[in-house]
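K.L.:
Starting from these lines, generate the structure:
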Amino acid sequence: MDENKSLSESMQETIEYGNLEFLGDIGEIMIDATLNEGVLKEVPILGTLVGIYKCIRNVYDVLFAKKLVAFLIPIKDVSPEKRGEAIRKWEEDKDYRGKVGDTLLGMIQRCDDAVKAKWLSMLFYELVLIKGWSRLFMRAEKTLSSLSVMDVQAFLNMTKEHFHRISEEESEPYIGSGLYQSPKLTGTVINGGLQMDDKYCDATEVGHLIYNVLNDIPIPNFEQTELF
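P.N.:
The predicted structure is shown next:
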């Protein structure tokens, strides 16, 4: 059996057709003993995972299963019809080459733990299922995966008045992540001389999206561009 292909297909089938309401019964604790036949039938990716590994016992399998469940729970109340429509729209993007099942599995595997998998799901829900912005979602995931959970949490804990522009010193953990733009060197003319201003970094479009979505703040409407 082609295990990778099987997982990919099951993941896509789960997103498009799975009855995810069953996940409310098992929460975020994923041990094979909790997976009854009904749950495995309704959530294909879990059935495939158990079938491939026979039982979930080692640390890696348990962590991966927990991340899967953490990703699926936030979208369990979205109808299969709406999920399927969003996936088809994503795959119809002329510049997207691949299968959504593969893409989502790779994203979940890159999550450090279940907390980050839940954040990823919140972004997937808002940007893909609600807005249909698959490209922005992929950019946001790349940013999320490049940061530690602690650094993401520190970013989310910033006040609304502060996060959008921070000092160069504060931006050190986020350099190269895509949350902030590089600091710009500016100066002020005082008495005929140039006095250099302090350096500040402005949050990027993706930074604003991540901050708002993960803090449950309504996101602003963006003009449709090729980046969506």
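
K.L.:
Compute the number of surrounding residues for the closest residue to S134 other than its chain neighbours.
P.N.:
Spatial nearest neighbour of S134, excluding adjacent residues (CB to CB, 6 or more residues apart in numbering): W90 at 4.1 Å. Where you see a C-beta, it was placed from the backbone N, CA and C, and this is true even at glycine. By the measure other CB atoms under 10 Å, the count of residues near W90 is 19.

K.L.:
looking only at pLDDT, what's the mean for the one helix or strand W90 maps to?
P.N.:
Assigned by DSSP states H and E, W90 belongs to helix 80-91. The pLDDT scores in helix 80-91 average 94.

K.L.:
what's the answer for stretch 147-166, then?
P.N.:
What stretch 147-166 shows for mean pLDDT is 96.

K.L.:
neighbouring contacts of that stretch?
P.N.:
With contacts defined as CB atoms under 8 Å, 6 or more residues apart in numbering, stretch 147-166 is touched by 112-113, 115-116, 119, 144, 173-174, 177, 179-180, 200-203, 207-208, 210-211, 214-215, 217.

K.L.:
Angles on the backbone of L147, please.
P.N.:
Torsion angles at L147 (phi, psi; degrees, to the nearest 10) stand at phi -120, psi 150.

K.L.:
what's around it, how many residues?
P.N.:
Applying other CB under 10 Å, we find 21 residues neighbouring L147.

K.L.:
Same question for E21.
P.N.:
The number of residues packed near E21 is 11, by other CB under 10 Å.

K.L.:
residue contacts, it?
P.N.:
Counting by CB under 8 Å, 6+ apart, E21 touches 76-77.

K.L.:
my read is it is in a helix, agree?
P.N.:
Yes. E21: assigned to a helix according to DSSP: H, G, I helix; E, B strand; the rest coil.

K.L.:
Wait, G176 touches S146, no?
P.N.:
Yes. The criterion here is CB atoms under 8 Å, and G176 meets it with S146 at 7.2 Å.

K.L.:
quick one: which of the two has more around it?
P.N.:
Under the criterion of other CB under 10 Å, the comparison of G176 against S146 puts S146 first, with 15 against 10.

K.L.:
and the closest residue to N212 other than its chain neighbours, how many neighbours?
P.N.:
Residue nearest to N212 in three dimensions, not counting chain neighbours: I219, with 4.6 Å by CB to CB, 6+ apart. Using other CB under 10 Å, the number of residues around I219 comes to 16.

K.L.:
P80 too?
P.N.:
Residues near P80, counting by other CB under 10 Å, number 14.

K.L.:
Let's see stretch 76-86 as PDB, backbone CA atoms only.
P.N.:
The C-alpha trace of stretch 76-86 is given here as PDB (Å, rounded to 0.1, in the frame of the first residue of the first chain):
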ATOM      1  CA  LYS A  76     -16.200  20.500  12.600                       C
ATOM      2  CA  ASP A  77     -19.200  22.800  12.400                       C
ATOM      3  CA  VAL A  78     -18.600  23.800   8.800                       C
ATOM      4  CA  SER A  79     -20.800  21.800   6.500                       C
ATOM      5  CA  PRO A  80     -19.100  19.200   4.200                       C
ATOM      6  CA  GLU A  81     -20.700  21.100   1.300                       C
ATOM      7  CA  LYS A  82     -19.000  24.400   2.200                       C
ATOM      8  CA  ARG A  83     -15.700  22.600   2.900                       C
ATOM      9  CA  GLY A  84     -15.800  20.800  -0.400                       C
ATOM     10  CA  GLU A  85     -16.600  23.900  -2.300                       C
ATOM     11  CA  ALA A  86     -13.600  25.700  -0.800                       C
END
